[in-house]
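>>> give the three-dimensional model of this entry:
(one chain, ligands or ions: 1)
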Amino acid sequence: MKLNALYKKALKEHFAIGAFNFNNLETLKAIVDACLAASTPALVCVSEGAFSYMGEACIGMFRAEKKRYKDIFLHLDHGKSFEMCKKAIDLGFDSVMIDASSLSFEKNVALTKKVVDYAHARGVWVEAELGVIGGTEDLVSAKKAIFTDAEEAKKFISLAKADSLAVAIGTSHGAYKFSGESKLNFKRLGEIEKAIPKTPLVLHGASSVPEKYVELLNAYGGDLKGAKGVDEKSLKTACTRHNICKINSDTDLRIAFTAGVREHLLKNPENFDPRKYLSQGKKYVTEAVLEKFRYLSK
Ligand SMILES: [Zn+2]
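Residues are numbered from 1 along each chain as shown. Next comes the predicted model:
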């Protein structure tokens, strides 16, 4: 299946494509193991930080994994400049995100449009962002969230011609999202959908921070206190009753991976074979991805 056909299907049938960040071979293989087990397509994402960590090795790993399961797509997460997006496109990414949301509306439109022109000429999908998603993750950080405005979204899409749009409706990047209950603004989401009904929408900062892995991580010497994510019921509603067609997960997979590595090392102090402790991390990432697949669709 082609990526644009997959987004079309997601918008029409109300499900979301899982988008999972990877930073190494183990995480990528773990995600693809879950895709294979559930026969479910996914986007595998490389952030700018992950790209500087893995270098172009991520392309080779992706191509090898695509031979195991054909319905995975390589996506650049939070590209901050035209140069970074161009580099990803030239290297063969299927999809790029240009995140110019910290710029003025006009500058966001101009930069997004520049990326769109380059990408579309090469058959590559472009995700843009409007509004400010709070929190911190990797190289992306914002103190105060600003919800996406529906009228602005309409104007933005008609000018910049992005294929999909990341919206700010109350999610937040990182493991420490909320002090109280998490709340997605479904009213605002509805307004945005009405304004741009044909544009697949994207949720960033939508980690649920599963208690199971936080507890495991802490039980084996970690110290992640008071971590809290978006509740899974809200995420399911956003995916299956709204136009959210892509949900990003990075934090959750990091927590699951680290929990597995910690568990193995503490239980097996004599072991010094990285393949063994990394395998336990990998196993938990596969489990975490499979759990996510369950609420991304009906
Ligand atoms: Zn993000």
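
>>> which helix runs longest in the protein?
Selection of the longest helix in the chain by residue count, based on DSSP state H, yields helix 274-296.

>>> distance from the chain centre to that one, please.
What separates the centre of helix 274-296 from the centre of its chain is 16 Å, taken as CA atoms, centre = their mean, to the nearest Å.

>>> OK, contacts around D77?
Under the criterion of CB atoms under 8 Å, 6 or more residues apart in numbering, the contact list for D77 reads A19, N21, C45, V46, S47, E48, A50, M97, N248, D250. Just so you know, the C-beta spots here come from the backbone N, C-alpha and C atoms, and that holds for glycine as well.

>>> if we go to 6 Å?
Remark: with contacts taken as CB atoms under 6 Å, 6 or more residues apart in numbering, D77 is in contact with C45, S47, M97.

>>> most neighbours, which of these?
Counting neighbours by other CB atoms under 10 Å, M97 leads these with 29 neighbours.

>>> element containing that residue, please.
Under the criterion DSSP states H and E, the helix or strand holding M97 is strand 95-98.

>>> quick check: which ranges of the stretch 51-200 of the chain have low pLDDT?
In the predicted model of the stretch 51-200 of the chain, residues 136-144, 176-182 satisfy pLDDT under 70.

>>> remind me what the helix or strand following the strand holding M97 packs against, helices and strands.
Past strand 95-98, heading to the C-terminal end, the next element that is a helix or strand (DSSP H and E) is helix 105-120. With contacts defined as 3 or more CB pairs under 6 Å, 6 or more residues apart in numbering; DSSP states H and E, helix 105-120 has these neighbours: helix 82-91, strand 125-130, helix 150-160.

>>> for the helix or strand immediately after the last one in the chain, what is the distance to the chain centroid?
Spelled out, that is helix 150-160. Remark: after helix 150-160, the chain's next helix or strand is strand 164-167, criterion DSSP H and E. If you compare the mean C-alpha spot of strand 164-167 with that of the full chain, they lie 12 Å apart, counting by CA atoms, centre = their mean.

>>> how about stretch 269-284?
Going by CA atoms, centre = their mean, the spacing between the C-alpha centre of stretch 269-284 and its chain's C-alpha centre is 25 Å.

>>> tell me the average confidence for that stretch?
Throughout stretch 269-284, pLDDT has a mean value of 97.

>>> list the contacts of it.
By CB under 6 Å, 6+ apart, the residues outside stretch 269-284 that reach it are E26, A30, A256, F257, A259, G260, V261, E263, H264, L265.

>>> ok, so of those, who is nearest N4?
Nearest to N4 among the contacts of stretch 269-284 is A30, at 26.7 Å by CB to CB.

>>> could you look up the SS state of that closest one?
Using DSSP: H, G, I helix; E, B strand; the rest coil, the three-state assignment for A30 comes out as helix.

>>> so for it, what's the nearest residue that isn't a sequence neighbour?
The spatial neighbour of A30 that comes closest, neighbours along the chain excluded (CB to CB, 6 or more residues apart in numbering), is V285 at 3.6 Å.

>>> isn't the one you found up against R254?
No. Applying CB atoms under 6 Å as the test, V285 and R254 come out as separate, 8.9 Å apart.

>>> so those two - more neighbours on which side?
Set side by side, V285 and R254 show unequal neighbour counts under other CB under 10 Å, the larger going to V285 at 28 against 22.

>>> could you check how far the more buried one is from G123?
When distance is defined by CB to CB, to the nearest Å, V285 is 30 Å away from G123.

>>> what comes up buried for stretch 183-193?
Of the residues in stretch 183-193, those buried by neighbour count under the rule 16 or more other CB atoms under 10 Å are L184, N185, R188, L189, E191, I192, E193.
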